[in-house]
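In: generate a structure from the sequence data that follows.
(one chain, ligands or ions: 2)
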Amino acid sequence: MGSNPNVDPDRIMEKEHVIQDGMDISGHWNRMFEQRVIWDYTPELIDKVTEVEGGESFGWCYQCAQCIPVCPVDIVGDYGPRRIYRRVQTGEDLFESKDLWQCTTCMNCLRVCPKEVDMIKIMPAVRQEAILKGNVPEELQKAFENTFDYGNPLGESPKKRAAWLKGSDVNVPLMKEKKKADILWFVECYPSYHPRGIEASLALAKVLNILNVDFGILGAEEKCCCDSQRLAGEVGLFEEFAEHNIKTFKRYKVKDVLVTDPHALNAFRKEYPKYGAKFETIHYTTFLAPKMGELNLAKKLDHRVTFHDPCYLGRHNGEYDAPRDMLKAIPGIDLIEMGRCRENSYCCGGGGGGMWLDGFMADHVSERLSERRVEEAVETGADVLAVCCPYEVSRFEDAVKSTGNEGKLVVKDIIELVVESME
Ligand code: SF4
Ligand code: SF4
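Out: Ligands and ions are numbered 1, 2, ... in the order given. Reported below is the predicted structural model:
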């Protein structure tokens, strides 16, 4: 074999006689270059992540970069598992880095990663440790404190959790009085307190009544499902709230739990069973889609509608069709898909604690994720952006204003469109 002038012959190793599995690979057939000296990265900082329970898969990254084009944060910034790994490899301590708080746990990277590097486990695990050391963005800490003190991240009075019903003539029974029901409707925080969430809650209550669903709510007995706080690293708080909610559910005789919020769906299906919960949970779109024929949808709406898949309904829990089936059942709605939809849907930026990190994120991205998504919705020519996650109405309405699209696009929960069509 000819010699390569760039290779130092003293660093080449070959064994004179080698028989491997009956094959003679003596001499140059087993030629190896000497062990490389690893000098350009810091394995200790990778190890620091992989040694945390939940952080193991961080070490499996082989830098293929498939995750980068699908990461919603990278589309408006400089992010994604491959970049984070490389930065940690070259000296960044993830436990103290800005990279720790930008991930929305949207799961799009895990969907495409050939090595199953799992940011949905890595991020909460590392964040939990960082929080214990007091390293947490101030605004996120405030949301944690509100949740701890008031049972909801908005800091609203826990006694007023059912105050959204005041002034409305719609019948919404409390489980405390009713004791048993087919459906326990877990209303959640934003649908109980946020003005736009309340409008969607009243619409859903109206539809449940029209369908003669036997349901009840917990009112002041309900506390935040706490899934986003868990993903943001507050695991202790999550455990306490899960135990409280499960204990409350057990007081009543119910068949299933109905949720407005995909984050609650995720918590109840995947996390609460670890703490003893034994109930089936269904998102309101999955519940109502097969019942749309029972509603008198007499009014033609004449809207071009595009739909945003919530990460925690779609990618995390596999429901893509029910919201679309509901929209298609409304007369006059022309459903147009955005380029990024279904499995590859973009993220509104609210998941994994992002709901309470807008100020922090502003320093690291060129525009909010919600603003990017609103621009995508406007590009379709739609005049309505339909949503079915309570984080999204307020996020997207703000983004419609900040991107100068007021008058072009309105944001509506699917259930609001249903009620509009009944009027
Ligand atoms: S897709 Fe997975 S293995 Fe590839 S760079 Fe991203 S995290 Fe690493
Ligand atoms: S989970 Fe989503 S936001 Fe987080 S790194 Fe993966 S693709 Fe990016």
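
In: chain center to stretch 216-224: distance?
Out: 23 Å (CA atoms, centre = their mean, to the nearest Å).

In: do the same with stretch 218-231
Out: 15 Å.

In: and stretch 151-164, by the same measure?
Out: So, by CA atoms, centre = their mean, the centroid of stretch 151-164 is 23 Å from its chain's centroid.

In: buried set for it?
Out: Neighbour counts over stretch 151-164 (16 or more other CB atoms under 10 Å) mark G151, N152, P153, L154, E156, R161, A162, W164 as buried. Where you see a C-beta, it was placed from the backbone N, CA and C, and this is true even at glycine.

In: and it, how far apart are its ends?
Out: Terminal residues of stretch 151-164 lie 16 Å apart, using CA to CA, to the nearest Å.

In: nearest residue to the residue in the stretch 151-300 of the chain that ligand 2 sits nearest to in space, please, no chain neighbours.
Out: Proximity of the stretch 151-300 of the chain to ligand 2 (CB to the nearest ligand atom) peaks at L231, 9.9 Å away. Distances taken as CB to CB, 6 or more residues apart in numbering place G352 nearest to L231, at 4.2 Å, with adjacent residues excluded.

In: quick one: that neighbour from Q229, how far?
Out: 10 Å (CB to CB, to the nearest Å).

In: again, but for D321
Out: Taking CB to CB, one finds D321 at 30 Å from Q229.

In: neighbour count: the two, which is higher?
Out: Of the pair D321 and Q229, Q229 is the one with more neighbours under other CB atoms under 10 Å, namely 28 against 13.

In: now the buried residues of stretch 151-164 in TSV, with distance to ligand 2, pLDDT and secondary structure?
Out: Formatted as TSV, the buried residues of stretch 151-164 follow (distance: CB to the nearest ligand atom, whole Å; pLDDT from 0 to 100; DSSP: H, G, I helix; E, B strand; the rest coil):
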residue	distance to ligand 2	pLDDT	secondary structure
G151	28	98	coil
N152	25	98	coil
P153	20	98	coil
L154	24	97	coil
E156	28	98	coil
R161	31	97	coil
A162	35	97	coil
W164	32	97	helix
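
In: could you report the neighbour count for the residue of the stretch 201-350 of the chain found nearest ligand 2?
Out: Residue nearest to ligand 2 within the stretch 201-350 of the chain: C347 (6.3 Å; CB to the nearest ligand atom). When neighbours are counted by other CB under 10 Å, C347 registers 29.

In: isn't it right next to C311, touching?
Out: Yes: the pair C347 and C311 passes the contact test of CB atoms under 8 Å, sitting 5.3 Å apart.

In: what is in contact with those two at once?
Out: Residues touching both C347 and C311 (CB atoms under 8 Å, 6 or more residues apart in numbering) are T104, C106, N108.

In: show me the contacts for the residue most central in space within the chain.
Out: The residue lying closest to the centre of the chain (CA atoms, centre = their mean) is G351, at 4.1 Å. Shown in contact with G351 (CB under 8 Å, 6+ apart): T104, T105, C106, S228, L231, H263, C311, Y312, Y391.

In: check what pLDDT it gets.
Out: G351 is assigned a pLDDT of 97 by the prediction.
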